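Colleague: Predicted model and sequence below, questions to follow.
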Amino acid sequence: RLAYHNHWWDVMPLEGGESPLDTIVRTMPPGDVAIELDLAWAWYGGVAPLDLLARLGPRVASLHLKDIDRRRGRTTTDHA
């Protein structure tokens, strides 16, 4: 079983309104492809992370958590 890790562009709608992540979830059977949901990239891509988590439900096999500082672009923040 494969787990797909999203990035910010995966949650942004393409022409027609469906995002790449939506296409993966719609076309790939849950038993074949799970989602490793990166909540920071979802947020950066303009999607409410908790709403996306609720929508994907049991397809989410794991979560990836990190901080992103929008003022610095797509750079994760440093922690001391």
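Modeller: Great, that's in hand. Residues are numbered from 1 along each chain as shown.

Colleague: Trp8 against Val47, yeah?
Modeller: No: Trp8 is not in contact with Val47 according to CB atoms under 8 Å; the separation is 9.1 Å. The way it works is simple: take the backbone N, C-alpha and C, and place the C-beta from them, glycine included.

Colleague: more crowded one of these two?
Modeller: Val47 (22 against 17; other CB atoms under 10 Å).

Colleague: The more buried one belongs to a strand?
Modeller: No: using DSSP: H, G, I helix; E, B strand; the rest coil, the assignment for Val47 is coil, not a strand.

Colleague: mind listing what it touches?
Modeller: Remark: with contacts taken as CB atoms under 8 Å, 6 or more residues apart in numbering, Val47 is in contact with Val11.

Colleague: For it, what are phi and psi?
Modeller: Backbone geometry at Val47, expressed as degrees, to the nearest 10, gives phi -110, psi 140.

Colleague: which secondary structure elements does the strand or helix carrying Leu50 contact?
Modeller: Using DSSP states H and E, Leu50 sits in helix 49-56. Here helix 49-56 touches strand 33-38, helix 39-44, going by 3 or more CB pairs under 8 Å, 6 or more residues apart in numbering; DSSP states H and E.

Colleague: List the buried residues in the helix or strand following that helix.
Modeller: Next helix or strand after helix 49-56 toward the C-terminus (DSSP H and E): strand 60-64. Neighbour counts over strand 60-64 (16 or more other CB atoms under 10 Å) mark Val60 as buried.
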